[in-house]
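# next comes the sequence, and after it the predicted model I'd like to discuss.
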Amino acid sequence: MNVQPNIPFGMTDRPLIQISGLTKEYESRDGSRIQALAPVDLEVPDREFVCIVGPSGCGKSTLLRLLAGTLTASAGQILLSGAPVHGPSGQVGMVFQSPSLLPWRTVEANALIPLEIQKLDSRKYSQLSRELFDLVGLSGFRKKYPGELSGGMQQRVGLVRALIHDPSLLLMDEPFGALDAMTRETMNLELLRIWRDARKTVVLVTHSIPEAVFLADRVVVMSARPGRISEVVDIEIARPRRLEMMTSPEFGALVGRIRRHFGAQGRLDA
């Protein structure tokens, strides 16, 4: 992996993601229409880390799937690197809550699945594969099987799989929600390190407000369905981030500011 020079995140001429007037409706079994997303407008600069929070059912995952090109918008437009999104793109890598690794394949073979789907020559990516396994701290586990790895290690394999085709954009849907608290904190630190070294744009959905504040450059706060953007909060906390920062008054004030959006709508994780 070619590590780029140390330039500030987001300092490019054009946003990587441009969302304008984006809506999504579903048809229920009785024929009625359900609006999942109200018009959404958002720009995400290249190499920025954005977290999305909101109550259950507000359309967070729907927005992520629209960005991935696996859902079609009802109205509006998404531009990725200036081109409309009309389907899955090689520019996008996706990490889910569960890594869903195939138990009969080695972890390296699991990580190479996107190359097979896109009909890319895996031999051309062998060096990148080794570098990515080094990056996530699994260089000695490439020939192991998923059952031999812990949950946190399996999620690291999911990260390698999402990055193996060298995408510009990494989408993450509650990637650490199933992990215990200590492993989740470790994975947050690892994710920030990988983001710094790999220089990708990240959009991550989480139910945890503290996790969002700890990770993000900006937190996008969504309302209850139909989901719309209630506020975009700039997280002006110095990087690199350290876990002890979570006890600072500045951190607490940002968490409180975001949490106030949900006082009458329900509860997010603490």
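Thanks, I have it. Only a predicted model underlies this, so the values are computations on that prediction, with no experimental measurement involved.

# what's near enough to touch I235?
213, 216-219, 254 (CB atoms under 8 Å, 6 or more residues apart in numbering). To be clear about C-beta, it is placed using only N, CA and C from the backbone, and glycine gets the same treatment.

# tell me where this structure has strands.
Ranges of strands within the chain are 17-27, 33-44, 49-53, 75-80, 83-84, 92-95, 169-173, 201-205, 218-222, 229-234, based on DSSP state E.

# reformat those as JSON lines; add mean pLDDT.
Formatted as JSON lines, the strands of the chain follow (pLDDT from 0 to 100):
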{"stretch": "strand 17-27", "mean pLDDT": "93"}
{"stretch": "strand 33-44", "mean pLDDT": "92"}
{"stretch": "strand 49-53", "mean pLDDT": "97"}
{"stretch": "strand 75-80", "mean pLDDT": "95"}
{"stretch": "strand 83-84", "mean pLDDT": "94"}
{"stretch": "strand 92-95", "mean pLDDT": "92"}
{"stretch": "strand 169-173", "mean pLDDT": "95"}
{"stretch": "strand 201-205", "mean pLDDT": "96"}
{"stretch": "strand 218-222", "mean pLDDT": "97"}
{"stretch": "strand 229-234", "mean pLDDT": "96"}
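
# where in this protein is pLDDT low?
1-13, 264-270 (pLDDT under 70).

# max-length helix in it?
Of all segments of type helix in the chain, defined using DSSP state H, the longest is helix 181-198.

# off-centre distance for that helix?
12 Å (CA atoms, centre = their mean, to the nearest Å).

# residue with max distance from the center of the chain?
Most distant residue from the mean C-alpha position of the chain: D30, 33.7 Å away (CA atoms, centre = their mean).

# any idea how far K24 is from it?
Applying CB to CB, to the nearest Å, the value for D30 to K24 is 19 Å.

# please apply the same query to G137.
38 Å.

# okay, now R29: neighbour count?
Using other CB atoms under 10 Å, R29 has 5 other residues around it.

# what does V220 give?
V220: 23 neighbours (other CB under 10 Å).

# if we can go back for a sec, pull out the buried residues from the longest helix of the chain.
183-185, 187-188, 190-192, 194-196, 198 (16 or more other CB atoms under 10 Å).

# next: stretch 221-233.
221-230, 233.

# ok, stretch 122-138 next?
125, 128-129, 131-133, 135-136, 138.

# run through the helices of the stretch 101-250 of the chain in chain order.
Along the stretch 101-250 of the chain, counting by DSSP state H, counting those that start in this stretch, helices occupy 107-111, 113-117, 126-135, 151-163, 181-198, 209-215, 249-259.

# coming back round to it: any idea how far the residue farthest from the centre of the chain lies from L132?
In terms of CB to CB, D30 sits 47 Å off from L132.

# please apply the same query to R259.
On the measure of CB to CB, R259 and L132 end up 36 Å apart.

# and if you look at L189?
From L189 to L132 the distance is 18 Å (CB to CB).

# repeat for K60
Counting by CB to CB, the gap from K60 to L132 is 27 Å.

# wait, what's in contact with G21?
Counting by CB under 8 Å, 6+ apart, G21 has contacts 39-41, 75-77.

# tell me what the nearest residue to V233 once chain neighbours are set aside is bridged to.
The shortest distance from V233 to any non-neighbouring residue, by CB to CB, 6 or more residues apart in numbering, is to V219 (4.5 Å). Beta-bridge pairing for V219 (DSSP bridges): C51, V233.

# so who does the closest residue to N110 other than its chain neighbours touch?
Counting by CB to CB, 6+ apart, L101 is the residue found nearest to N110 once chain neighbours are left out, at 4.7 Å. Applying CB under 8 Å, 6+ apart to L101 gives the contacts 107, 110, 146, 154, 157-158.

# can you list these in TSV and add neighbour count and distance to Q118?
Output for the contacts of L101, formatted as TSV (neighbours: other CB atoms under 10 Å; distance: CB to CB, whole Å):
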residue	neighbour count	distance to Q118
V107	27	20
N110	21	15
P146	18	22
Q154	20	23
V157	25	18
G158	24	17
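
# hmm, back to that, ok, which of the strands of the chain comes nearest L243?
strand 49-53 (16.7 Å; CB to CB).
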